[in-house]
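In: quick one, what's the 3D model for this:
(2 chains)
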2 protein chains.
Amino acid sequence: VDVGVDVGGTKVLAAVVGEDGTPLRTHSVPTPPKESGARRLEQTLADAVQAVAAGHPVGRVGVAAAAFVDSDRRRAMFAPHLAWRGEPAAERLEQLLGAPVLLENDATCAAWAEATAGAARGAGSSLTVTVGTGIGGGIVLGDRLLRGSNGMAGEFGHVTVVPDGIACPCGGRGCWERYVSGAALLAAAVARGARGVRTGDDVTGAALSGDEAALGAFTELGGWLGRGLAGLVAVLDPEVVVVGGGVGASGELLLGPARARLARDVVGHGHRRLPDLRAAHHGPEAGLLGAVALARRELR
Amino acid sequence: VDVGVDVGGTKVLAAVVGEDGTPLRTHSVPTPPKESGARRLEQTLADAVQAVAAGHPVGRVGVAAAAFVDSDRRRAMFAPHLAWRGEPAAERLEQLLGAPVLLENDATCAAWAEATAGAARGAGSSLTVTVGTGIGGGIVLGDRLLRGSNGMAGEFGHVTVVPDGIACPCGGRGCWERYVSGAALLAAAVARGARGVRTGDDVTGAALSGDEAALGAFTELGGWLGRGLAGLVAVLDPEVVVVGGGVGASGELLLGPARARLARDVVGHGHRRLPDLRAAHHGPEAGLLGAVALARRELR
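Out: Numbers count the residues shown, from 1 in each chain, chains lettered A, B, ... in the order given. Down below sits the predicted model:
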């Protein structure tokens, strides 16, 4: 069986993926603390793969990681929330599992899943933007993933949208993800006087029940999403833009104001087709599904 | 003979381009006023092609225009400084010339020229940013030009770098080209007390003779260039970035501070190779050379 694994800062999610690209069985364990090191992380992943395979021989493995991955898809170069610092993760996992492994950035994998079997299926080109704790993304042009010379293309979250703006853990200031994320949504709602909200999900709930402050927060967040997308569309001119991730799952609450702002801000509006802005088709499995799809394509 | 034509807001530059990709003869005429209409513009281009061909049969024609060009490279959809508004310009030129014509955005053509026979030759991926009256650009990935679903990819100049910033003729605010252009350079120098400067070229001259205000203006402009490039590098992760155009021709005066700012601002610095930031190889002929190279590749 082919297995996909999503490695996030808090959780490792593994799934056996059927020939039709859907998850058949899943298995989830906590991500080991960063301090316990890279070997421990790799063992946890290998154990999760074996657990979800449940005795069936493991075929190809696709790992979607919250990490910068090198252009050969073998090394995890840097990951703020994981123990990897240039480790040859794919090679070590292959030794532990006796099966071929492809390693890729999680948002890049999600973009591939949306482009090949999700919301952007059939589009000539697409961007996928995942909005959650931060912003990740990926770019698919024709039948190719744009990986970049370091394997780092699609780092949309750290495009500056406000010069010298809010400080970002990346070391920069004014990064897009400081203005569009679960934390930004919560902060916007609280600033507008929303009561009883403690998470981005609470804000979504309040907005769905008509709370003005929560709705205002979505308008603000959607506006920032649209502003940033206008820049990406000026650069890449994609046919479809997909918005996913935990905050993206709030759908039109976020996409409505984003679409309006994008239409107003993008260069040449009135003289161009605007990209179709769509909610992601896949949920939390997007990354691992894309990783398996890539593994099936790349690992022979 | 194959002929390239660059159509700018003030000047039409035509050249016979040799098999080796260098201009053999050039011919330049003023661009007719916008008010005189599309037919007049097309006749002017056809006349310039015939004049520079000097009686030799015209083979393929590549037209690099300061315009949005549709994805089929046949229509000039919109051009702030030219008379085209969706006209089938390539078809009309073919009728006037009896030769096949390829039409493409001028900065996109320049990017192709730099990638295939200029500063980014041999690079796996490159961006070219042309800095002059405004900012244009193009993206080359492998052996392919990224054109976008509307043919509008690479409109770097209208990425917002300051939310609600300086008003731009495009209708937006805070566009990158408001902060990095010949006019911005001049304004920065004047604000710093530079005397006797009336154009961006004057500022370059003053900086080369050590004028502090002019040097400060280049530092400011280069900083904005580097900030914007950091965003493009986060998105595209290119191997090489080429800076051309009239202001780009000031070379290290501009590229030095831009390189420093890019290195400081780009996401993952310290964990990635930075793109090589280079001055353009081609001058004002970049667009028409790229247009001919594209015509030779695309028109059989």
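
In: helices along the stretch 51-200 of chain A, start to end?
Out: Taking DSSP state H, counting those that start in this stretch as the criterion, the stretch 51-200 of chain A carries its helices at A:89-97, A:106-117, A:182-191, A:200-208.

In: to chain B, which of those lies closest?
Out: For the helices of the stretch 51-200 of chain A, the distance to chain B is smallest for helix A:106-117, at 11.1 Å, taking Cβ to the nearest Cβ. Quick note: C-beta positions are derived from backbone N, CA and C, even for glycine.

In: please work out which of the helices of the stretch 51-200 of chain A is packed deepest.
Out: A comparison of those by mean neighbour count, using mean count of other Cβ atoms under 10 Å in any protein chain shown, puts helix A:106-117 on top with a mean of 29.

In: so who does residue A:114 touch?
Out: A:120-121, A:126, A:128, A:242, A:244, A:280-282, A:286, A:290 (Cβ atoms under 8 Å, 6 or more residues apart in numbering or on different chains).

In: kindly recompute the last result at 7 Å.
Out: By Cβ atoms under 7 Å, 6 or more residues apart in numbering or on different chains, the contact list for residue A:114 reads A:120, A:126, A:128, A:242, A:244, A:280-282, A:286.

In: out of those, which comes closest to chain B?
Out: residue A:126 (9.6 Å).

In: burial of that closest one, as a residue count?
Out: 29 (other Cβ atoms under 10 Å in any protein chain shown).

In: so it makes contact with residue A:142?
Out: No. Judged on Cβ atoms under 7 Å, residue A:126 makes no contact with residue A:142 at a distance of 10.2 Å.

In: hmm, back to that, same list, the contacts of residue A:114, but as CSV with pLDDT please.
Out: Formatted as CSV, the contacts of residue A:114 follow (pLDDT from 0 to 100):
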residue, pLDDT
A:120, 98
A:126, 98
A:128, 98
A:242, 98
A:244, 96
A:280, 98
A:281, 97
A:282, 96
A:286, 97
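
In: top of these by neighbour count?
Out: Neighbour-wise, the contacts of residue A:114 (other Cβ under 10 Å) top out at residue A:128, 36 neighbours.

In: contacts only, for the nearest residue to it once chain neighbours are set aside.
Out: Spatial nearest neighbour of residue A:128, excluding adjacent residues (Cβ to Cβ, 6 or more residues apart in numbering or on different chains): residue A:111 at 3.7 Å. Shown in contact with residue A:111 (Cβ under 7 Å, 6+ apart): A:128, A:137-140, A:154.

In: pLDDT at the residue of the stretch 151-300 of chain A found nearest chain B, what is it?
Out: Residue nearest to chain B within the stretch 151-300 of chain A: residue A:237 (2.5 Å; Cβ to the nearest Cβ). pLDDT, residue A:237: 97.

In: and the helix-or-strand element of chain A with minimal mean pLDDT, anywhere near chain B?
Out: The weakest-scoring helix or strand in chain A, judged by mean pLDDT, DSSP states H and E, is strand A:76-78 (a mean of 88). Yes. Using Cβ under 7 Å from any Cβ of the partner chain, strand A:76-78 reaches chain B at A:77-78.

In: pull the residues that contact that strand.
Out: A:65, A:67-70, A:84-87, A:89, A:103, B:268, B:271.

In: just the residues you listed now: which is nearest residue A:161?
Out: residue B:268 (17.8 Å; Cβ to Cβ).

In: secondary structure class for that closest one?
Out: Three-state assignment for residue B:268 (DSSP: H, G, I helix; E, B strand; the rest coil): coil.

In: right, and it touches residue A:68 too?
Out: Yes. Residue B:268 is within contact range of residue A:68, at 5.9 Å (criterion: Cβ under 7 Å).

In: so which bits of the biggest helix by length in chain A are buried?
Out: Counting by DSSP state H, the longest helix found in chain A is helix A:212-236. Neighbour-count burial for helix A:212-236 flags A:213-236 (criterion: 16 or more other Cβ atoms under 10 Å in any protein chain shown).

In: name the element residue A:288 belongs to?
Out: According to DSSP states H and E, residue A:288 maps onto helix A:286-298.

In: leaving out sequence neighbours, find the closest residue to residue A:98.
Out: That would be residue A:58: by Cβ to Cβ, 6+ apart, it lies 7.4 Å from residue A:98.

In: what number of residues lie near residue A:9?
Out: Count around residue A:9 with other Cβ under 10 Å applied: 12.

In: quick one, phi psi at the nearest residue to it once chain neighbours are set aside?
Out: Distance criterion Cβ to Cβ, 6+ apart; nearest residue to residue A:9, sequence neighbours excluded, is residue A:81 at 3.3 Å. Backbone geometry at residue A:81, expressed as degrees, to the nearest 10, gives phi -110, psi 10.

In: contacts only, for residue A:81.
Out: With Cβ under 7 Å, 6+ apart, residue A:81 has these contacts: A:9, A:34, A:66.

In: excluding its backbone neighbours, what's nearest the residue of the stretch 151-300 of chain A closest to chain B?
Out: Here the residue nearest residue A:237, using Cβ to Cβ, 6+ apart, is residue B:148, at 2.5 Å.

In: surely that neighbour meets residue A:235?
Out: No. Assessed by Cβ under 7 Å, residue B:148 is found out of contact with residue A:235, at 8.8 Å.

In: got a list of what residue A:5 touches?
Out: A:12, A:14, A:45, A:48-49, A:61, A:63-64, A:288.

In: just the element for it, please.
Out: Secondary-structure assignment from DSSP H and E places residue A:5 in strand A:2-7.

In: middle-most residue in chain A, spatially?
Out: In chain A, the C-alpha nearest the mean C-alpha coordinate belongs to residue A:107, at 3.1 Å (Cα atoms, centre = their mean).

In: skipping adjacent residues, who's closest to that residue in space?
Out: Distances taken as Cβ to Cβ, 6+ apart place residue A:136 nearest to residue A:107, at 2.7 Å, with adjacent residues excluded.

In: just the endpoints, please. Distance across stretch A:192-207?
Out: 12 Å (Cα to Cα, to the nearest Å).
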